[in-house]
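[1] predicted coordinates and the sequence they were generated for:
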Amino acid sequence: MREECGKSGLRVGIVNPGMVDTDFFDELAFAPGEEDVQHIRADDVADAVMLMLNQPSGTVVDEINLSPLNKVIRNK
């Protein structure tokens, strides 16, 4: 997709967030860990998207992988 879109000037990138501390997990039997180093904040994902969007027109950030420092999945 990136190759096809690049010809028209459209930039394509991917943000791969790990477990983000959001309401998504409210109805599930598991959630990210509660400590700050055990989940990603939604603001951090938004910052990654803004990083991609704020690049000069000739620059593409292909992919950003966000992970908490300590990956913890807690059962509820």
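    That came through fine. This is a predicted model, so every value here is computed, not measured.
[2] and Val49, backbone torsions?
    Main-chain dihedrals, Val49, degrees, to the nearest 10: phi -60, psi -40.
[3] OK, contacts around it?
    Listed by Cβ atoms under 8 Å, 6 or more residues apart in numbering, the contact set of Val49 reads Val15. C-beta: built from backbone N, CA, C; applies to glycine.
[4] following the helix-or-strand element of the chain with minimal mean pLDDT, which helix or strand comes up?
    Using mean pLDDT, DSSP states H and E, helix 2-6 stands out as the lowest-scoring helix or strand of the chain, at a mean of 79. Next helix or strand after helix 2-6 toward the C-terminus (DSSP states H and E): strand 14-17.
[5] model confidence for the residue positioned nearest the centre of the chain, exactly?
    Nearest residue to the geometric centre of the chain (Cα atoms, centre = their mean): Pro17, 3.1 Å. Among the per-residue scores, Pro17 holds a pLDDT of 97.
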